[in-house]
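[1] A structural model of the following input is requested.
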Amino acid sequence: MENRLRGLKVAIVGGAGFVGHHLALRLRESGADPHLVDSLQVNNLGAFSSTVSDPSAATYATFVHERLNALQQSAIPLYVADARDYHGLSRILDEIEPNVLVHLAAVAHADRSNKDPFSTFDHSLRTLENSLDIARDRCSQFVYFSSSMVYGNFDGQTVDESRHCEPLGIYGALKYSGEKIVIAYQQVFNLPYTIIRPSALYGERCVSRRVGQVFIENVLAGRSLTVNGDGSDSLDFTYIRDLVDGVILSLNNEQAHNQIFNLTYGEGRTLNEMISILKSEFSDLLVEYKPRDTLMPERGTLSIEKARSLLGYEPLWSLEKGFRQYLDWYRERPSVSG
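    Numbers count the residues shown, from 1 in each chain. Below you'll find the predicted structure:
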């Protein structure tokens, strides 16, 4: 793998975010040459400034600084720029001359998307349009991060990439429309694509308030957990290291060209099972249940057989192993448990 990636120039648009910075660090370890473009505004440093009243803002700003320090220590270039600016992004990509462009710039939260559709479209579709149009004459591969939310309700089935998509809400619909635009660019301009559909991510230095993150923060602060529904909802929880390793396998790999991949752990687990892991270490943990959000699809297990077959993908981090690792990382940061 190292030979395939050595010296490969990878531009990551939205690269200082949760997924992007982990991917960049792993690329550097693999001998590739990652370059990042990020405004540091959406779900990043600008969102957690001292003017924000959110009591978690200072903690999340610390997490973002940890990301930026890790990138700096690995000598990974970061261009602070707004990907909605076509000409600005074009100048930067002219300078980088990437072989591969990975598009991550987006609003990364379904609930936030439903509450603020305009901002979601502005930061997700406009940036995607710019990335695609600039990449079509420059890159040999375009990697788009979609979501398992495109499938809609799983109906109790293990879902593979051939399943018909019926997304619910703004976020899933936007991700699915993004996929169609990416595919259209391949059809019209012959730009090879790889579409990634992750699920229920968790891991270090996340500031998106995904469910596992919220649970851990509440537990460490001595608060009860609030669950939408009765806790039986199943998600294919995926540790960030597994996702990043899967993406690495797809880069500069013709087997991944013009393909869609589920990159998850490949096993649906309930919210109550995640809570049980926490209860094994916090016996006095209290859990409150409230009515389920009807705009959240009923999900479950995603098939990863295609990624196994074409990429050699093999996730290593079960929920028990990965979530405990994540919890330990939080415990090392005493400011969180205030």
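[2] hey, let's count contacts and neighbours off CA atoms from now on
    Noted.
[3] Which residues outside stretch 295-312 are in contact with it?
    Contacting residues not belonging to stretch 295-312 are listed as 149, 152-161, 167-169, 233-236, 246, 249-250, 255-256, 261-269, 313-314 [Cα atoms under 8 Å, 6 or more residues apart in numbering].
[4] Can you give me every residue that contacts L191?
    Neighbours of L191 in contact, by Cα under 8 Å, 6+ apart: R136, C139, S140, Q141, F142, Y185.
[5] And N190, by the same measure?
    Here N190 is in contact with R136 (criterion: Cα under 8 Å, 6+ apart).
[6] cutoff 10 Å now
    If you count contacts by Cα atoms under 10 Å, 6 or more residues apart in numbering, N190 has them with R136, D137, S140, Q141, I183, A184, N258.
[7] before we move on, what about T264?
    With contacts defined as Cα under 10 Å, 6+ apart, the neighbours of T264 are 148, 196-201, 236-240, 242-243, 246, 301-304, 307, 313-315.
[8] hang on, the earlier thing: export the contacts of L191 to TSV and append columns for distance to A58, secondary structure and pLDDT.
    Converted to TSV, the contacts of L191 look like this (distance: Cα to Cα, whole Å; DSSP: H, G, I helix; E, B strand; the rest coil; pLDDT from 0 to 100):
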residue	distance to A58	secondary structure	pLDDT
R136	40	coil	95
C139	38	coil	97
S140	40	coil	97
Q141	38	strand	98
F142	35	strand	98
Y185	41	helix	98
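[9] nearest to V19, of the residues you listed?
    Set against V19, the nearest of the contacts of L191 by Cα to Cα is F142 (16.3 Å).
[10] Who does that closest one form a beta bridge with?
    L101, Y193 (DSSP bridges).
[11] again with L78
    Beta-bridge pairing for L78 (DSSP bridges): L36.
[12] Show me which residues of stretch 163-176 are buried.
    C165, E166, P167, L168, G169, I170, Y171, G172, A173, L174, K175, Y176 (16 or more other Cα atoms under 10 Å).
[13] Surely the second one and D155 touch.
    Think E166. No. Distance between E166 and D155: 11.6 Å, which falls outside the contact criterion (Cα atoms under 10 Å).
[14] Please pull up the helix or strand immediately following the one helix or strand in the chain whose mean pLDDT sits lowest.
    Counting by mean pLDDT, DSSP states H and E, the chain has its least confident helix or strand at helix 110-115, which shows a mean of 67. Per DSSP states H and E, the first helix or strand lying C-terminal to helix 110-115 is helix 117-135.
[15] Output that next one as PDB, nothing but the C-alphas.
    Only the C-alpha atoms of helix 117-135 are listed here, as PDB (Å, rounded to 0.1, in the frame of the first residue of the first chain):
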ATOM      1  CA  PRO A 117     -31.400  24.100   5.400                       C
ATOM      2  CA  PHE A 118     -29.900  27.300   3.700                       C
ATOM      3  CA  SER A 119     -26.600  27.100   5.500                       C
ATOM      4  CA  THR A 120     -26.500  23.300   4.800                       C
ATOM      5  CA  PHE A 121     -26.900  23.800   1.100                       C
ATOM      6  CA  ASP A 122     -24.500  26.700   1.100                       C
ATOM      7  CA  HIS A 123     -21.700  24.900   2.800                       C
ATOM      8  CA  SER A 124     -22.300  21.500   1.300                       C
ATOM      9  CA  LEU A 125     -23.600  21.700  -2.300                       C
ATOM     10  CA  ARG A 126     -21.900  24.900  -3.300                       C
ATOM     11  CA  THR A 127     -18.500  23.700  -2.000                       C
ATOM     12  CA  LEU A 128     -19.100  20.300  -3.800                       C
ATOM     13  CA  GLU A 129     -19.900  22.000  -7.100                       C
ATOM     14  CA  ASN A 130     -16.700  24.100  -6.800                       C
ATOM     15  CA  SER A 131     -14.500  21.100  -5.900                       C
ATOM     16  CA  LEU A 132     -15.900  19.000  -8.800                       C
ATOM     17  CA  ASP A 133     -15.600  21.700 -11.400                       C
ATOM     18  CA  ILE A 134     -12.000  22.500 -10.400                       C
ATOM     19  CA  ALA A 135     -11.000  18.800 -10.100                       C
END
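[16] and it, what other elements does it pack with?
    Under the contact definition 3 or more Cα pairs under 10 Å, 6 or more residues apart in numbering; DSSP states H and E, helix 117-135 sits against strand 9-13, helix 86-96, strand 100-103, helix 110-115, strand 141-145, helix 169-189.
[17] Just the CA trace of the longest one, in PDB.
    C-alpha atoms of helix 169-189 as PDB (Å, rounded to 0.1, in the frame of the first residue of the first chain):
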ATOM      1  CA  GLY A 169     -34.900  14.800   5.900                       C
ATOM      2  CA  ILE A 170     -32.600  17.500   4.500                       C
ATOM      3  CA  TYR A 171     -29.300  15.800   5.400                       C
ATOM      4  CA  GLY A 172     -29.900  12.500   3.700                       C
ATOM      5  CA  ALA A 173     -31.500  14.100   0.700                       C
ATOM      6  CA  LEU A 174     -28.600  16.500   0.300                       C
ATOM      7  CA  LYS A 175     -26.000  13.700   0.500                       C
ATOM      8  CA  TYR A 176     -27.800  11.600  -2.100                       C
ATOM      9  CA  SER A 177     -28.100  14.600  -4.400                       C
ATOM     10  CA  GLY A 178     -24.400  15.100  -4.000                       C
ATOM     11  CA  GLU A 179     -23.800  11.500  -5.100                       C
ATOM     12  CA  LYS A 180     -25.800  12.100  -8.200                       C
ATOM     13  CA  ILE A 181     -23.800  15.200  -9.100                       C
ATOM     14  CA  VAL A 182     -20.500  13.400  -8.600                       C
ATOM     15  CA  ILE A 183     -21.700  10.600 -10.800                       C
ATOM     16  CA  ALA A 184     -22.800  13.100 -13.500                       C
ATOM     17  CA  TYR A 185     -19.300  14.700 -13.500                       C
ATOM     18  CA  GLN A 186     -17.900  11.200 -14.300                       C
ATOM     19  CA  GLN A 187     -20.400  10.700 -17.100                       C
ATOM     20  CA  VAL A 188     -19.800  14.100 -18.700                       C
ATOM     21  CA  PHE A 189     -16.100  14.800 -17.900                       C
END
